[in-house]
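Asker: Task: produce atomic coordinates for the following.
(2 chains)
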Amino acid sequence: MRLSLFLPCLLLFCQPAIAKDAAGKDLPAGAAIETDPKYPPVVSYTLKNGLKLLILEKHFAPTISYSIAFRVGNVDSPQGKTGLAHLFEHVAFKGTKTINTNNYEKEKLVLEKIEKTAQALIAAERKAAPDKALVEKLKKELADAEKEGDAYIVKDEFSQIYKNIGQSGLNAATSQDYTFYLVSLPSNQLETLMALESDRFKNPVLREFYRERDVVTEEQRMYATQPDRSLMNEVMSTAMMIHPYRNPIGGWMDDIKTLTRTDADKFYGEFYVPNNATLAIVGDAKPAEVIRLAEKYFSTWKPSSLGYKAYTEEPPQKSEKRFNLFFNAKPALRMAFHNPGYNSPDIYALMMVSEVLSNGKTGRFYRSLVEGKQLALYAGSYHATSTRYPSLFVVAAAPKAPHTVEELETAIWEELEKLKTEPPTAWELEKIVNNHEAEMVKSMESSLELAQNLALSQQISDDWKFDWKLGAELRKVKPEDVSKAAAKYLVRGNYTIGMLRQPPAAAQAKGDAK
Amino acid sequence: MALTLTSAWALPPHLPKAPKLEFTPPKGERRVLDNGLTIFLLKDPTLPAIRINAVVRTGNVYDPADKVGLAALTSGMLEDGGSASYKADEIDKTLEYLGASISYTIDNEDASFSMFALKKDLDKVLDIYADILVNPAFEQEKFEILKKGELEMILRRNDDPGRAATREALRNFYGKDHPYGRRTELAGLEAITIADLKAHHAAYYRPNNVILAVSGDYGSDEEILAKLNARFGSWQKGEVKFPEIKAPELNAGRKVYLVDKDIPQTFIVLTQKGFKRLDPIEFPLALTNDVLGAPGLSSRLVDTVRTRKGLAYTVYSRFSKRSAQPGYIMAYCGTKPETYSQALEEILKQMKRVTTEKLSDQELSEAKDAKINSFVFTFKTPFDIVGQRALFEIFGYQPDYLETYVANVAAVTKDSAFAAASSLFDPDNAQIFVIGNSKKFDKPLSAFGPVTELKED
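Answerer: Numbers count the residues shown, from 1 in each chain, chains lettered A, B, ... in the order given. From the prediction side, this is the model:
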């Protein structure tokens, strides 16, 4: 998520083709349009139930883009139930009491049967000495109950409706910190969109839950074949000792197998409430009309008191951590340093550290490691893996044969040490600020990305203008601040390195054992 | 063209009825400079920036057999290797300081060079952009770095088996030496010299073989044309000769290929013969494939393999549209080895079904709605519009391809869809390519046909 965090979306100078005064005219009480020319003229409005709306008119083509973001992610999955946030996101496409079903009243009874059987199966499988016959019997009962349920299911109706009315980009994503849903439609479908989405979050029916759980385990299996993802997961769970960021976003396989629909229903009740969400619409729609429809369709969505959530704070790292991940792929490395999180003023200097090192072909890593010494196939960095809590500053690199990960590690450390003693030049810093400005312009091009970014920034940073304001924060960072931040955080006592390499046997067979 | 968006198929009764939507997208201007350079223009004053894409008729398929990778290295060196008036390092510094960019992509039969500049920097960035396209310098040091990077990528090409699967499936489908099937190999790449790049550039990068798509806040059309003419006007035109690409020998008869690899998921790729670009069979096939398995969340393959059986996260079918020689139809699936045969059997069954029974009225009507209603996204920005026009012209489509698209989709009937599907889909003879751990397979792969075991290379 490089773009939406560091180079998020912002339009500085030129506004989309709308007249601001006209845009604000017929807005209802409580709605406000942004008039500061530093920002796009976004209309904000909050429903009584706490649902926040952000609306930006753009009128080239008759299309609208929608995103709704919730402040709930894998960190909020209960202990022993990692992956619940992600699985919920999958089943949020399974319809409602009136969609994907031809008779919810009858279906409900079967759903209860499925749930009872699935829970009995999990209990049987979890016994110290599982009764194999019982497990098989319950598996068959579950399959039979699911088949019985099929009679009441209208297959994939929710996504099919979207397809029929011309959707583009229908999708959703879960991270450690948040979950968002998005779609673009022809603009004449605004009301249909509001009807579908409000129904989806007010009346979800988590049908086909156990089959979708299987789909999710296949997703995890696919990730497990990918070297880069496997290495990064290993780095997260090694560098993070106790904070839930250590868990893979999709969950641990063993946890996924015990997730139940009852868990997901409870999770929904706790987090999928209007006061935990921001809904953004960008495109060919009148803000007053969006607000009217939001009131019509979303105002009956019940809020709840969002409970106080505390997760074990990650203690300071005490030891340097090094590991080899044996994987049938060519070598790569990931280095990680704990960062102080977005609440720390140091975060902006750390963003600059990362950008000085790896922004483009004039970045220090590219100059010295890919070109100069020609050790690296690639070398990059990122200042944070997540946003809600302190996370990791990461360096990602791979050596070019015949060079090794060890040589690359040494060369990267040389660059890090150099930055601590040689502050960046004014040119290096100006370049980054200029890049941010250009990214803000680009961020206005895609309505769908913009909707997503507005909703996420509001939901995670409590401010949809976060990315626009970032430019000013970056301008304040002085060259010596960058060196100081590097010296403070990029140190051996705060360091984890994971090296991906061939399993010893495979490497030996190929004659390049190390 | 006016698009009328509506739904033929009824929404569930409790959903609101959408009003009709009329939209006539602008077409943009088409101009041709004296040297044959075609330019599509559409002003977009909403953002203070300009985007340009140059599409070039070149590509991997034209590479000499002993120097595969030449077209890709050439285009890579246009981006990286400097130009007559600008050193490569100077270009990097100027572009990155301004937040501008120039980058390339290369495919089988086209290459693209895209440029982004803020309005205030247009002249400076355009100078560089034109100079690297017309007068590239191919600096020696940058060439060595780029080439070594490409060599390293060859060493790493099997690291991600889910990706390797589609490449290797097509390689075996078309044949390892056919331009549509072959890969870049170490020896061929090593053999390429800067002289080769210069010759390739001289042969293909001619104004009459390039189309520019230009959009943004560039003042008037005449102003930007004057700027383009000043920079590209002296580019020498020249006849471009394309080597003949022989039709691939696609042998009938089921073949099964296995790469045995200890990985937690099994990747299955089915391939069969598709059509050549510009064939109107595209429309009935697109609608059939929409029902069968087009990427997305609702299709027969998703419904059966993913939703009902929970056997896969990724399952889809797709087809190539733009190859001059017969393309392919492909189905792809990632599934656990212990149940791989169930997924494969289901995919084969669904592919067979489109050749034995017609689509239902509702399925065809929904597929048409989906295509027609989402067509508006073809025009979502001015740059999208000129970009597509440039691409369609490069590939030789009729100038009214976009204008007639909706009518062509609407004209498809159950019979024409069935005729198209019956003539193209042939699962009994489809090639099956599998990467996975055969020790865990629930059924021997030989149940699906004669198996050739391949070594990963």
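
Asker: Could I get the full set of strands for the chain?
Answerer: No chain specified, so I'll use chain A. A:32-33, A:43-46, A:52-57, A:63-70, A:168-174, A:179-186, A:277-283, A:321-326, A:332-338, A:376-382, A:392-399, A:495-501 (DSSP state E).

Asker: my bad, the chain I had in mind was chain B
Answerer: Going by DSSP E, chain B shows strands at B:3-5, B:21-23, B:29-32, B:38-43, B:49-56, B:101-106, B:111-118, B:210-216, B:255-260, B:266-273, B:312-319, B:328-335, B:431-436, B:451-454.

Asker: just for chain A, where's the confidence low?
Answerer: A:1-25, A:506-514 (pLDDT under 70).

Asker: on that earlier part again, would JSON lines of the strands of chain B with distance to chain A be doable?
Answerer: The way it works is simple: take the backbone N, C-alpha and C, and place the C-beta from them, glycine included. As requested, the strands of chain B are exported to JSON lines (distance: least, CB to the nearest CB, whole Å):
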{"stretch": "strand B:3-5", "distance to chain A": "5"}
{"stretch": "strand B:21-23", "distance to chain A": "4"}
{"stretch": "strand B:29-32", "distance to chain A": "17"}
{"stretch": "strand B:38-43", "distance to chain A": "10"}
{"stretch": "strand B:49-56", "distance to chain A": "5"}
{"stretch": "strand B:101-106", "distance to chain A": "8"}
{"stretch": "strand B:111-118", "distance to chain A": "6"}
{"stretch": "strand B:210-216", "distance to chain A": "10"}
{"stretch": "strand B:255-260", "distance to chain A": "12"}
{"stretch": "strand B:266-273", "distance to chain A": "8"}
{"stretch": "strand B:312-319", "distance to chain A": "4"}
{"stretch": "strand B:328-335", "distance to chain A": "5"}
{"stretch": "strand B:431-436", "distance to chain A": "9"}
{"stretch": "strand B:451-454", "distance to chain A": "16"}
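
Asker: Just give me the lowest mean pLDDT stretch among those.
Answerer: Lowest mean pLDDT within these: strand B:3-5, a mean of 54.

Asker: Could I have the CA atoms of stretch B:362-369 written out in CSV?
Answerer: Extracted C-alpha coordinates of stretch B:362-369, given in CSV (Å, rounded to 0.1, in the frame of the first residue of the first chain):
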residue,chain,number,x,y,z
GLN,B,362,-31.2,-15.8,-18.5
GLU,B,363,-27.5,-16.5,-18.7
LEU,B,364,-27.1,-14.9,-22.1
SER,B,365,-29.2,-11.9,-21.2
GLU,B,366,-27.2,-11.4,-18.0
ALA,B,367,-23.9,-11.7,-19.9
LYS,B,368,-25.0,-9.1,-22.4
ASP,B,369,-26.2,-6.8,-19.7
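
Asker: center of the chain - which residue?
Answerer: Reading this off chain A. residue A:175 (3.2 Å; CA atoms, centre = their mean).

Asker: you looked at the wrong chain, it should be chain B
Answerer: In chain B, the residue lying closest to the centroid (CA atoms, centre = their mean) is residue B:107, at 7.1 Å.

Asker: any idea how far the nearest residue to residue A:419 once chain neighbours are set aside is from chain B?
Answerer: Take residue A:419 and drop its neighbours on the chain: the residue closest to it by CB to CB, 6 or more residues apart in numbering or on different chains is residue A:486, 4.6 Å away. Look at residue A:486 and chain B: by CB to the nearest CB, to the nearest Å, they are 21 Å apart.

Asker: Report how many residues lie close to residue 380.
Answerer: Going with chain A. 17 (other CB atoms under 10 Å in any protein chain shown).

Asker: you looked at the wrong chain, it should be chain B
Answerer: Summarising burial for residue B:380: neighbours were counted as other CB under 10 Å, giving 23.
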